[in-house]
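S.K.: Give me the fold of what follows.
(one chain, ligands or ions: 1)
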Amino acid sequence: MELNICHLYPDVLNLYGDRGNVMCMRKRLEWRGIDAKITRMGLGSPVSLAPYDLVFIGGGQDFEQQVLLDDLHRGRDREIKAAIDDGVAFLTVCGGYQMLGSYYETYDGKRCDFIGALDLYTLGAKKRMIGNYKFKLGESSGGSVVVGFENHSGRTFLGSGLEPLGRVLSGYGNNGEDGTEGARYKNVFGTYSHGPILPKNPELCDHILLCALKRKYGTAELAPLDDGAEYAAHEEICTRL
Ligand code: GLN
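M.R.: Numbers count the residues shown, from 1 in each chain. Prediction:
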């Protein structure tokens with residue numbers, strides 16, 4: 001078995017160790033004897049997502065989000081939407097998560113028109129939402145408690161039909177108001193969690209990998225791993241909260 005993983009915009013969207021998510025996915029596949037082929041696709045790279053089973057997009061500052069708009073709207077937006085419709089697994093973090101929504105209006109009034117693949121929009125506020133936080137995943141995402149680190153000015157609001165990824169237990173999440181964190185649609189997992197999120201939340205990592213493997217092979221199982229170090233990191237953040 002093999003997964004083709006696309007790391008989209010590693011050159012402009014990579015805050016707080018986000019690329020550690022790709023390393024984590026690859027290691028957890030390899031430890032089970034499953035090959036992982038990683039392709040980094042930066043600004044100006046081919047737009048086709050046809051070869052990929054899983055796409056990762058990290059976070060970025062408002063400036064970088066504006067820089068990538070031209071590249072996004074030269075057909076990559078349509079490719080991303082088609083891949084999502086086709087059930088390709090996506091993990092998107094903060095700026096990359098906002099990018100799947102309709103738009104982001106920064107606190108100083110600049111508007112980024114994004115791709116509208118998910119029914120959400122984001123409004124910047126002067127006060128940033130910063131800190132370690134935790135949330136409980138919805139049952140469709142495995143139901144475990146996730147710890148992460150958030151740092152965003154954008155407040156994201158979900159359309160009424162869009163399921164959040166989870167419910168905030170401590171911290172801000174999507175907007176600091178309605179208790180929602182992230183978004184879950186088809187095989188898309190959108191979150192505000194940097195850190196990176198996956199190494200200290202191994203159940204979520206395996207859940208996403210299984211979505212991609214099942215779509216590709218019809219059925220798939222992941223053998224248990226010794227996650228002692230991962231859970232120790234998880235617990236450490238929980239005690240700080
Ligand atoms: N620039 C966006 C915001 O502040 C995203 C930040 C991020 O990716 N951490 O909301």
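
S.K.: now stretch 104-111, how far from the centre of its chain.
M.R.: Distance, stretch centre to chain centre, for stretch 104-111: 22 Å (C-alpha atoms, centre = their mean, to the nearest Å).

S.K.: now do stretch 126-133
M.R.: Using C-alpha atoms, centre = their mean, the offset of stretch 126-133 from its chain centre is 18 Å.

S.K.: Pull out the buried residues from that stretch.
M.R.: Within stretch 126-133, the residues that count as buried by 16 or more other C-beta atoms under 10 Å are Met129, Asn132, Tyr133. The way it works is simple: take the backbone N, C-alpha and C, and place the C-beta from them, glycine included.

S.K.: Surely the first one is in contact with Phe149?
M.R.: No: the pair formed by Met129 and Phe149 falls short of the contact definition of C-beta atoms under 8 Å, at 11.0 Å.

S.K.: could you pull out the strands for this structure?
M.R.: All strands of the chain, identified by DSSP state E, fall at 2-8, 35-41, 54-57, 89-93, 103-105, 111-113, 120-137, 145-158, 166-170, 180-181, 183-185, 188-191.

S.K.: Just the pLDDT for the closest residue to the ligand within the chain.
M.R.: Nearest residue of the chain to the ligand, counting by C-beta to the nearest ligand atom: Gly59, 2.6 Å away. The score at Gly59 is 97. That number is its pLDDT.

S.K.: So what's the residue count around it?
M.R.: A count of nearby residues for Gly59, using other C-beta atoms under 10 Å, gives 26.

S.K.: And for it, nearest residue in space, chain neighbours not counted?
M.R.: The shortest distance from Gly59 to any non-neighbouring residue, by C-beta to C-beta, 6 or more residues apart in numbering, is to Cys94 (3.2 Å).

S.K.: Touching, that neighbour and Gly195? I think so.
M.R.: No: using C-beta under 8 Å, Cys94 is not in contact with Gly195; the gap is 10.6 Å.

S.K.: So for these two, which residue has more residues nearby?
M.R.: Taking neighbours as other C-beta under 10 Å, Cys94 and Gly195 compare with Cys94 leading, 31 against 22.

S.K.: dump the residue contacts of the residue nearest to Tyr97 when sequence neighbours are not counted.
M.R.: Nearest-residue entry for Tyr97: Gly190, 3.8 Å, with adjacent residues in sequence omitted and distances by C-beta to C-beta, 6+ apart. Counting by C-beta atoms under 8 Å, 6 or more residues apart in numbering, Gly190 touches Phe90, Thr92, Val93, Tyr97, Leu100, Leu118, Leu165, Gly182, Ala183, Arg184.
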